[in-house]
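> got a sequence here, can you model it:
(chains A and B)
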Amino acid sequence: MIFNKNKKDNNQNKIIQQVKENPDNFKKIIQVWYRPLYNFIRRISYFEKEDIEDIIQEVFIKVYKNLNSFDPDLKFSSWIYRITRNQTTDAIRKYKTRPNTVCLDQQDLAKIFKSSLNLEEEIQNKQDFEVLKRTINEIPYKYREALILRFIEEKDYKEIMDILKKPKGTVATLLNRGRKKLQKKLKSKNFLNN
Amino acid sequence: MPKEQNSFSQKIISQIKKENIKPHSKWKFTAINYLVWFAVVFMVLFGAFAFTLIITALWDIDWYFYKHPAVSRIKFFLIIIPYLWVVAFILFSFLGYYIFRKTQKGYRYNFFIVCLAVIFSSIFFGVVFYKMGLGATLEQRLASKMPIIKKIHPNREQRWMNPQIGLLAGRIELVSKDHLILIDFNSKEWKVLYPDKVYINKHPRMKVFITHFREGLLIRVIGEKVDDSVFQAKIFRPWSKPQRESQPNSRSRN
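Predicted structure coming up:
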């Protein structure tokens, strides 16, 4: 998996060179990243399909304009996720009157709760998932975003650092506090016994 | 590849072509990056200048006043603390940290490490500048070029021109048995009354100093304003900080 990711990033560096030579090659970047970015925006925001597509469109235009600012020390995925995250945050700010509930499906929720809280047994039925969904929407956005990056997008600490532009200690704090907040909320709902 | 995705990428490519969007040139990003780093260096240097001015002001402290019963701690700190430069030092250190975080990889470093690095760099260069003798020159230049600084951060002369809080300084015009006539730095004449004899006797250093009073000598006086041009002295000190108090001369003891 890690090997594949590195390979993907190395390929991206080659593609960037090709895009600089011919804009048509940008299609390759769009095709590789459209789906992951679409899902990422869906997970960290509450936007409908059309809004998400608008955001992605702006993201790709930004990526194209800023190709020369890409730092090869960074993973291409971290760079493109950072741009996407910033664009989404701007959009959320713009439409802050809309209800602030993220759209995570059952699989996503299971990933977060199983990995971050070691829940294996507790998640059993659809009712449980409804509780989990409400709980994750109750914790502050910054923790939710960090948990999504770590447990759903499966980014390591360094990648999260580069995406959120925060030092390692802050990332660790966000994840730990996010976990604790989830635990506390679940306990208060009698979902966790101890 | 899904049809939807294909049409989306086609849409982006056509937008790029139609609007003739081009990637920003590399030199633009390089220039911005250098600018940010220059700003960090400037903030550290400004912090260093502020620190030089702090040392210059603190080096001027007459610690004789610190434990003197006639001087309250508040008055002592009013005399010594170079507030403006302390605030400037804190401000430039904060800006240095803040701009460093805006460098390409600045976000990767811990808050305390970056703060300490910025503060210690400013302190290091501040000491270097002070050793180079920049402190006094800088203080004079700033005061002459920017009158507002003189207003906010009074220099030594101005700090001692505060009879309402008990600080007075100037040149001795006339010495008599129970008082002296002092011309302050604004050329105003003051009748300065000596403290009572018992008080003078309790402070042998002051007793010796008084015997050396002569016309033209610059002195500092701490006491109380009695009248518009009368000042009751409690402590007399020479205007220049006595050399032996700040730098003990070991040879003189031998």
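> the residue of chain A most remote from its centre and residue B:17: what is the separation?
Ranked by distance from the centre of chain A (C-alpha atoms, centre = their mean), the top residue is residue A:21, with 30.6 Å. According to C-beta to C-beta, to the nearest Å, residue A:21 stands 15 Å off from residue B:17. To be clear about C-beta, it is placed using only N, CA and C from the backbone, and glycine gets the same treatment.
> send the alpha carbons of stretch A:154-171 over as CSV?
What follows is stretch A:154-171, C-alpha atoms only, in CSV (Å, rounded to 0.1, in the frame of the first residue of the first chain):
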residue,chain,number,x,y,z
GLU,A,154,-5.3,6.9,6.1
LYS,A,155,-2.7,9.6,6.1
ASP,A,156,0.3,9.4,8.4
TYR,A,157,1.3,12.1,10.9
LYS,A,158,3.7,13.8,8.5
GLU,A,159,1.2,13.9,5.7
ILE,A,160,-1.5,15.4,8.1
MET,A,161,1.1,17.9,9.2
ASP,A,162,1.7,19.0,5.6
ILE,A,163,-2.0,19.1,4.8
LEU,A,164,-3.1,21.0,7.9
LYS,A,165,0.2,23.0,8.0
LYS,A,166,0.5,22.4,11.7
PRO,A,167,3.5,21.0,13.7
LYS,A,168,3.6,17.3,14.7
GLY,A,169,2.7,18.0,18.3
THR,A,170,-0.4,19.9,17.3
VAL,A,171,-1.5,17.1,15.0
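> how far out from the middle of the chain is that stretch?
Chain-centre distance of stretch A:154-171: 12 Å, with C-alpha atoms, centre = their mean, to the nearest Å.
> got the residues of chain B near chain A?
For chain B, the residues in contact with chain A (C-beta under 8 Å from any C-beta of the partner chain) are B:1, B:5-6, B:8-13, B:15-17, B:21-26, B:28-29, B:104-105, B:107-111.
> got a PyMOL select line for the buried ones in those residues?
Applying 16 or more other C-beta atoms under 10 Å in any protein chain shown to the residues of chain B next to chain A leaves a buried subset, and the PyMOL line that selects it is:
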select buried, chain B and resi 8+9+12+13+16+23+29+107+108+109
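> restricted to helices, list the residues of chain B next to chain A.
B:5-6, B:8-13, B:15-17, B:26, B:28-29, B:111 (DSSP state H).
> re earlier: phi and psi next, for the residue farthest from the centre of chain A.
Residue A:21 has phi and psi values of phi -80, psi -40 when expressed as degrees, to the nearest 10.
> okay, it: pLDDT?
Predicted confidence (pLDDT) for residue A:21: 79.
> go on, residue B:183?
94.
> cool, and residue B:195?
85.
> okay, who's weakest in the ones in helices among the residues of chain B next to chain A by pLDDT?
Ranking those by pLDDT puts residue B:5 at the bottom, with 72.
> once you drop chain neighbours, what's closest to that one?
Leaving aside its chain neighbours, residue B:5 sits nearest to residue A:34 (5.1 Å; criterion: C-beta to C-beta, 6 or more residues apart in numbering or on different chains).
> what helices or strands is the helix or strand that the one you found is a member of leaning on?
Here residue A:34, judged by DSSP states H and E, is contained in helix A:26-44. Where contact means 3 or more C-beta pairs under 8 Å, 6 or more residues apart in numbering or on different chains; DSSP states H and E, helix A:26-44 is packed against helix A:2-21, helix A:49-65, helix A:76-94, helix B:3-18.
> which among those helices is found nearest to residue B:213?
Distance to residue B:213, taken as C-beta to C-beta, is lowest for helix A:76-94 among the helices and strands packed on helix A:26-44, at 71.8 Å.
> how is the chain partitioned into domains?
In the absence of a named chain, this looks at chain A. For chain A, whose domains are defined here by automatic domain parsing, the residue ranges read A:2-94, A:106-188.
> please refer instead to chain B.
If you go by automatic domain parsing, chain B breaks into B:26-156, B:160-245.
> lowest mean pLDDT across the ones you listed, which one is that?
Looking at the domains of chain B, the bottom one is domain B:160-245 with a mean of 83.
> and the residue of the stretch 101-250 of chain B nearest chain A?
Residue nearest to chain A within the stretch 101-250 of chain B: residue B:107 (4.2 Å; C-beta to the nearest C-beta).
> re the thing from before, so which of the helices and strands packed on helix A:26-44 comes closest to residue B:58?
Nearest to residue B:58, of the helices and strands packed on helix A:26-44 and by C-beta to C-beta, is helix A:76-94 at 45.4 Å.
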